[in-house]
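Enquirer: Next one to model:
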Amino acid sequence: MPITHTDYGAPRVDKDKPQPPEKEAAAEKACESKLPPPPKPQQASPERLAAARKESSCLRAEGIAWYPDPDPVTAEIDYTKATPEQWSALKREHVDALRKCRGDR
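Expert: Residues are numbered from 1 along each chain as shown. Okay, the predicted model is just below:
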């Protein structure tokens with residue numbers, strides 16, 4: 001990435017001059033060894049995992065067949081398991097199902 005300097009002399013990336021993808025990939029590879037290891041996933045409580053599973057099951061029962069199961073360790077939903085259009089439609093067209101299945105959350 002091209003570096004410019006602010007009026008105060010601080011370096012910053014000039015986002016108006018993007019680098020070709022091959023240069024970005026080479027830079028990422030060169031710095032890869034300097035990155036810290038990714039954090040270990042936090043184990044969800046049994047209650048949280050049960051609630052997430054219940055929510056997923058309820059949403060599918062309400063007609064949202066594509067809604068994914070939560071991760072068995074973190075209880076998080078993988079948003080890559082559906083399209084951005086599906087997630088948008090969920091919030092737009094299935095508000096009642098979300099309220100019913102999420103309760104007071």
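
Enquirer: How about the residue most central in space within the chain: what's its closest non-neighbour residue?
Expert: The residue lying closest to the centre of the chain (Cα atoms, centre = their mean) is residue 79, at 5.9 Å. In space, and not counting its chain neighbours, residue 79 is closest to residue 87: 6.5 Å by Cβ to Cβ, 6 or more residues apart in numbering. Just so you know, the C-beta spots here come from the backbone N, C-alpha and C atoms, and that holds for glycine as well.

Enquirer: And the contacts of the helix or strand encompassing that neighbour?
Expert: Using DSSP states H and E, residue 87 sits in helix 84-93. Residues from elsewhere that reach helix 84-93 (Cβ atoms under 8 Å, 6 or more residues apart in numbering): 64, 66, 67, 79, 98.

Enquirer: Now do the strands in this protein.
Expert: 3-5, 11-13 (DSSP state E).

Enquirer: now those strands as a markdown table including distance to residue 38?
Expert: Shown next, in a markdown table, are the strands of the chain (distance: least, Cβ to Cβ, whole Å):
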| stretch | distance to residue 38 |
| --- | --- |
| strand 3-5 | 27 |
| strand 11-13 | 23 |
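
Enquirer: Centre of the chain to the helix holding residue 87, how far?
Expert: 15 Å (Cα atoms, centre = their mean, to the nearest Å).

Enquirer: Export only the CA atoms of it, formatted as PDB.
Expert: Listed next in PDB are the C-alpha coordinates belonging to helix 84-93 (Å, rounded to 0.1, in the frame of the first residue of the first chain):
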ATOM      1  CA  PRO A  84     -26.600 -11.400   2.100                       C
ATOM      2  CA  GLU A  85     -30.000 -11.300   0.500                       C
ATOM      3  CA  GLN A  86     -31.300 -14.000   2.800                       C
ATOM      4  CA  TRP A  87     -30.100 -12.200   5.900                       C
ATOM      5  CA  SER A  88     -31.600  -8.900   4.600                       C
ATOM      6  CA  ALA A  89     -34.900 -10.600   3.900                       C
ATOM      7  CA  LEU A  90     -34.900 -12.200   7.300                       C
ATOM      8  CA  LYS A  91     -34.900  -8.800   9.000                       C
ATOM      9  CA  ARG A  92     -37.300  -7.300   6.500                       C
ATOM     10  CA  GLU A  93     -39.900 -10.000   5.900                       C
END
